[in-house]
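Colleague: Return a 3D structure for these sequence lines:
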Amino acid sequence: MGLNHYIMRFILITATSLPPFVHALDLFGTAVFALTGTLRALTRKLDLMGAVVLAVVTALGGGMMRDALIGRHPPAAFADQTYLMIAIGVAIAAFFWGRTIREQESWLIAFDAIGLGVFTLVGAWVADQAGLGSVGILFIAMLTATGGGVLRAMLVAEIPFILKKEIYASASLFGALVYLGMTELDLPNSMVIWSVMLVTTSTRLLAWRMNLNLPR
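Modeller: This next block holds a predicted model:
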């Protein structure tokens with residue numbers, strides 16, 4: 001590999017670095033998704049290692065697939081080991097002290113919806129900074145937000161959540177569309193950040209609360 005290759009890697013990693021506030025939100029989303037992965041492991045009666053694996057896959061899988069597709073090496077989860085440490089720490093804590101938590105508790109669903117909004121924003125942001133077009137931004141945003149859940153479902157032999165009737169991936173799509181529209185209008189980053197998360201999260205929560213589903 002020549003010098004140009006490493007220069008391009010440095011430029012890509014630097015260009016897609018998240019602002020501090022967005023990075024903090026990304027870490028929060030990682031913790032929430034790690035918790036949902038651990039709870040699924042408890043439901044399936046997996047051991048501690050199984051819980052850690054499901055937590056890491058759920059929390060980091062979408063981001064790793066995103067980084068692999070856009071050529072971002074090393075992936076964010078390895079470049080900043082805080083992500084991996086949070087996922088593992090949440091998994092261990094929830095495995096021993098989270099057995100009374102149920103996956104359908106309203107507060108957990110709310111946190112999951114917030115995580116969906118955060119990961120949609122992060123995916124769109126990284127894809128945009130990497131120079132992808134509109135379709136690429138939409139795809140990468142949805143992949144970042146839902147990819148970990150798909151991998152988790154595959155590991156426990158379930159139909160991935162996004163393929164079921166509930167509005168989940170669609171909420172991420174709406175948020176990504178908001179990102180495209182607002183960046184096209186060159187609106188302030190703070191407005192874009194809050195709007196994407198608000199639209200994604202509220203769409204998911206509203207659909208859950210009102211039992212709205214896509215046609216099947």
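Colleague: In the protein, mark out all the helices, start to finish.
Modeller: Using DSSP state H, the helices of the chain run over residues 3-15, 20-43, 48-70, 76-79, 82-97, 106-129, 134-155, 169-184, 189-209.
Colleague: Can you give me the buried ones in the fourth one?
Modeller: I take that to be helix 76-79. For helix 76-79, burial by neighbour count (16 or more other Cβ atoms under 10 Å) applies to 76-77. Where you see a C-beta, it was placed from the backbone N, CA and C, and this is true even at glycine.
Colleague: Identify all contacting residues around that helix.
Modeller: With Cβ atoms under 8 Å, 6 or more residues apart in numbering as the contact definition, helix 76-79 has outside contacts at 13, 60, 63-64, 67, 83-84.
Colleague: and the closest residue to residue 156 other than its chain neighbours, backbone torsions?
Modeller: Residue nearest to residue 156 in three dimensions, not counting chain neighbours: residue 44, with 5.3 Å by Cβ to Cβ, 6 or more residues apart in numbering. For residue 44, the backbone dihedrals are phi -90, psi 0 (criterion: degrees, to the nearest 10).
Colleague: my read: residue 44 touches residue 157, true?
Modeller: No: no contact is recorded between residue 44 and residue 157 when judged using Cβ atoms under 8 Å, the distance being 9.2 Å.
Colleague: Tell me which of those two has more neighbours.
Modeller: When residue 44 is set against residue 157 and neighbours are counted by other Cβ atoms under 10 Å, the residue ahead is residue 44, at 14 against 7.
Colleague: quick one: the more buried one and residue 191, what's the gap?
Modeller: Per Cβ to Cβ, to the nearest Å, residue 44 is found 41 Å from residue 191.
Colleague: Sketch out the low-pLDDT regions of the chain for me.
Modeller: In the predicted model of the chain, residues 1-18, 103-104, 165, 216 satisfy pLDDT under 70.
Colleague: Neighbour count and distance to residue 22 added to the contacts of helix 76-79, as JSON lines?
Modeller: Supplementary listing: the contacts of helix 76-79 in JSON lines, determined by neighbours: other Cβ atoms under 10 Å; distance: Cβ to Cβ, whole Å:
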{"residue": "13", "neighbour count": "15", "distance to residue 22": "16"}
{"residue": "60", "neighbour count": "26", "distance to residue 22": "17"}
{"residue": "63", "neighbour count": "27", "distance to residue 22": "13"}
{"residue": "64", "neighbour count": "22", "distance to residue 22": "18"}
{"residue": "67", "neighbour count": "25", "distance to residue 22": "16"}
{"residue": "83", "neighbour count": "24", "distance to residue 22": "14"}
{"residue": "84", "neighbour count": "16", "distance to residue 22": "19"}
